[in-house]
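# got a predicted structure here, sequence first:
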Amino acid sequence: MNIAIVGTGYVGLVTGTCFAEMGVDVTCVDVDAAKIEALRQGHIPIYEPGLEEMVLRNVEAGRLHFTTELTSCLQDVEVVFSAVGTPPDEDGAADLRYVLEVARTFGQHINRYTILVTKSTVPVGTAQRVKEVIQEELARRGVAVPFDVASNPEFLKEGAAIRDFMSPDRVVIGTESPRVEKIMSRLYKPFLLQRERIIFTDIASAEMIKYASNAMLATRISFMNDIANLCELVGADVNMVRRGIGSDTRIGRKFLYPGCGYGGSCFPKDVKALIQTAQRAGYPMEVLQAVDRVNERQKGILFEKLLRHFDGNLKGRVVALWGLSFKPETDDMREAPALVLIERLLEAGCRVQVYDPIAMDEARRRLGDRVSYCRDMYEAAVDADALMLVTEWKEFRLPSFNVLKRTMRTPLILDGRNIYDKEQLQEQGFVYYKIG
């Protein structure tokens, strides 16, 4: 089976590589010639555990190809996946220009039945617009080539994307065509041999499922952050509260961990886009508006704690940051809490020393020389007046607190992910703040 994937970002590259791993002949397409050439040379533009090895293996096997021209492979494929970016507009709505450009190219060049599957996260109604664009292009050509449009949203967690794709908890496909159902079932069958987890829906519902899933997870995070902040004010322990409510089988334990805010390419963008979709439909999403406000406020929570500790005077203070990516096992810093925190620290006159196991190059690209980049976690803490744990990478979980005590100017730790033991740190002479 031959397919094409348009877009070699996070979703497109993982999707194409995993299909190739199961024996599908995959051509990945991107307009960025430098990126395509780098991929041909075996250089992976993103960090995702296991991805580089899988890309190299399938390129060598001749199942994974890279090109800048969709037209070069369009006549040989049965399915084209559109996995291009949908960045937010100024009002938070998804920008569909790249999605519609793929549709135009598709309509301009198909000569036999082909399916265009939207993998990108797009608002409800996008598939209809895609279909109209294709029909317009076919009309301009004066031909009547059969095609179908479908929706197949992705549910990949950064840092665990390979596992999520190879063993999905569900595959959602929105379509109105039995022919699409048959072809997509054949394509996904290798991933679903042990348990049937494919859900066929109408296209609008498939488009909504992706947004609703991310919005629900974001809501749980913001809810727990709100609870954590209240716990701190009334003297409750949020970790005990989390364990108590998570034991309720109707609630469950996942995504109930308080912290310094969520980030990444999905939750912030998708929450805002869903709010905008509702506004255009004349319905205010009041819960999601609150979720978004809570998250933006939470990104500054460590700064506020630091400011209170030093009685509002941070000028000249040296602050160490452990963790820059929005979550562990990725170098993605999009909407990362660390970025908000660094900006506020710099504005207050602090000198910032940072370390992240993977995201240092991305940090240099975003921050330039405004912060000091350190070779390891302990170098970042040298002469620091405060240490902030922002991303819970595994290597930060059990540091040598004796080393930190000797190297830091002030034994002050602000834990943005609640991974340390307060009593242990206080016994070793640290001042310790956590979330809640």
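That came in fine, so what should we check first?
# give the buried residues for the top helix by length along the chain.
Counting by DSSP state H, the longest helix found in the chain is helix 203-234. Neighbour counts over helix 203-234 (16 or more other CB atoms under 10 Å) mark 203-204, 206-211, 213-215, 217-229, 231-232 as buried. All C-beta atoms are positioned from the backbone trio N, CA, C, and that covers glycine.
# just stretch 155-173 next, same as before
Under 16+ other CB under 10 Å, the buried positions of stretch 155-173 are F155, L156, E158, G159, A161, I162, D164, F165, P168, V171, V172, I173.
# between the residues you listed, which is nearest Q135?
I173 (21.5 Å; CB to CB).
# care to break this structure down by domain?
With domains defined by automatic domain parsing, the chain comprises 2-201, 211-297, 299-433.
# okay, the nearest residue to V287 once chain neighbours are set aside and E286: tell me how far apart.
Closest residue to V287 apart from its sequence neighbours, by CB to CB, 6 or more residues apart in numbering: T219 at 6.6 Å. Per CB to CB, to the nearest Å, T219 is found 12 Å from E286.
# tell me where the stretch 151-300 of the chain has helices.
161-166, 178-188, 203-234, 238-246, 267-280, 286-298 (DSSP state H, counting those that start in this stretch).
# nearest to H309, out of those helices?
helix 203-234 (14.0 Å).
# and the residue nearest to I419 when sequence neighbours are not counted, what pLDDT?
Spatial nearest neighbour of I419, chain neighbours left out: E392 (5.4 Å); criterion: CB to CB, 6+ apart. If you check E392, the pLDDT there is 97.
# sorry, back to before: with pLDDT as extra columns, can I get the buried residues of stretch 155-173 in TSV?
Formatted as TSV, the buried residues of stretch 155-173 follow (pLDDT from 0 to 100):
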residue	pLDDT
F155	93
L156	92
E158	90
G159	91
A161	94
I162	95
D164	94
F165	95
P168	93
V171	96
V172	97
I173	97
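# adding distance to T67, write these out as JSON lines.
Compiled in JSON lines, these are given as follows (distance: CB to CB, whole Å):
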{"residue": "F155", "distance to T67": "27"}
{"residue": "L156", "distance to T67": "23"}
{"residue": "E158", "distance to T67": "26"}
{"residue": "G159", "distance to T67": "28"}
{"residue": "A161", "distance to T67": "23"}
{"residue": "I162", "distance to T67": "23"}
{"residue": "D164", "distance to T67": "26"}
{"residue": "F165", "distance to T67": "22"}
{"residue": "P168", "distance to T67": "27"}
{"residue": "V171", "distance to T67": "26"}
{"residue": "V172", "distance to T67": "28"}
{"residue": "I173", "distance to T67": "26"}
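# most widely separated two among these?
Top of the distance list for the buried residues of stretch 155-173 (CB to CB): G159 and I173, 25.2 Å.
# neighbours of the residue nearest to I419, how many?
18 (other CB atoms under 10 Å).
# that one against S325, yeah?
No: judged on CB atoms under 8 Å, E392 makes no contact with S325 at a distance of 10.5 Å.
# let me know the average pLDDT across the longest helix of the chain.
pLDDT averaged over helix 203-234 gives 96.
# now stretch 43-51
Mean predicted lDDT for stretch 43-51 stands at 92.
# try stretch 135-146
Averaging pLDDT along stretch 135-146 yields 96.
# which residues does the closest residue to R220 other than its chain neighbours contact?
Of all residues not flanking R220 in the chain, F255 sits nearest, at 4.1 Å (CB to CB, 6+ apart). By CB atoms under 8 Å, 6 or more residues apart in numbering, F255 lies in contact with L217, R220, I221, M224.
# list phi and psi for F255.
phi 60, psi 30 (degrees, to the nearest 10).
# now do it, the pLDDT please.
pLDDT, F255: 93.
# repeat for the one 10 residues further on
According to the predicted model, the pLDDT of S265 comes to 85.
# also the one 3 residues further on?
Confidence at P268, expressed as pLDDT, is 94.
# how about it, what does it touch?
Taking CB under 8 Å, 6+ apart as the test, what P268 contacts is A218, Y262, D292, N295, E335.
# same thing but 10 Å
P88, G92, N214, A218, G261, Y262, D292, N295, E296, F326, R334, E335 (CB atoms under 10 Å, 6 or more residues apart in numbering).
# before we move on, what about I5?
11-17, 19-20, 26-30, 64, 66, 70, 77, 79-84, 117, 119.
# what do you get for V31?
V6, G7, T8, T68, E69, L70, V84, Y98, E101.
# find the nearest non-adjacent residue to A83, please.
Nearest to A83 is G12, by CB to CB, 6+ apart, at 3.5 Å.
# what about the one you found, which helix or strand?
helix 10-21 (DSSP states H and E).
# now that helix: buried residues?
Buried-residue list, helix 10-21, by 16+ other CB under 10 Å: Y10, V11, G12, L13, V14, T15, G16, T17, C18, F19, A20, E21.
# and which of those residues is nearest to K434?
Using CB to CB, these come closest to K434 at Y10, 30.9 Å.
# quick one: that closest one from K254, how far?
Look at Y10 and K254: by CB to CB, they are 22 Å apart.
# low-confidence stretches in the stretch 1-150 of the chain?
Scanning the stretch 1-150 of the chain for pLDDT under 70 picks out 90.
# helices of that one, residue ranges please.
10-21, 33-40, 51-60, 97-109, 126-141.
# got the buried residues for the longest one?
Read it as helix 126-141. T126, A127, R129, V130, K131, V133, I134, E137, L138.
# ok, the third one next?
Residues L51, M54, V55, N58, V59 are the ones in helix 51-60 that count as buried (16+ other CB under 10 Å).
# quick check: closest non-adjacent residue to the third one.
Meaning V55. The spatially closest residue to V55, leaving aside those adjacent along the chain, is T17, at 5.3 Å (CB to CB, 6+ apart).
# neighbours of P45, just the number please.
15.
# now do the same contact list for the nearest residue in space to it that is not next to it in sequence.
Among residues not flanking P45 along the chain, K35 sits closest, at 5.8 Å (CB to CB, 6+ apart). Neighbouring residues of K35 by CB under 10 Å, 6+ apart: T8, G9, L13, C28, H43, P45, F66, T68.
# residues in contact with I110?
71, 74-75, 77, 80, 116, 134, 137-138, 141, 143, 145-147.
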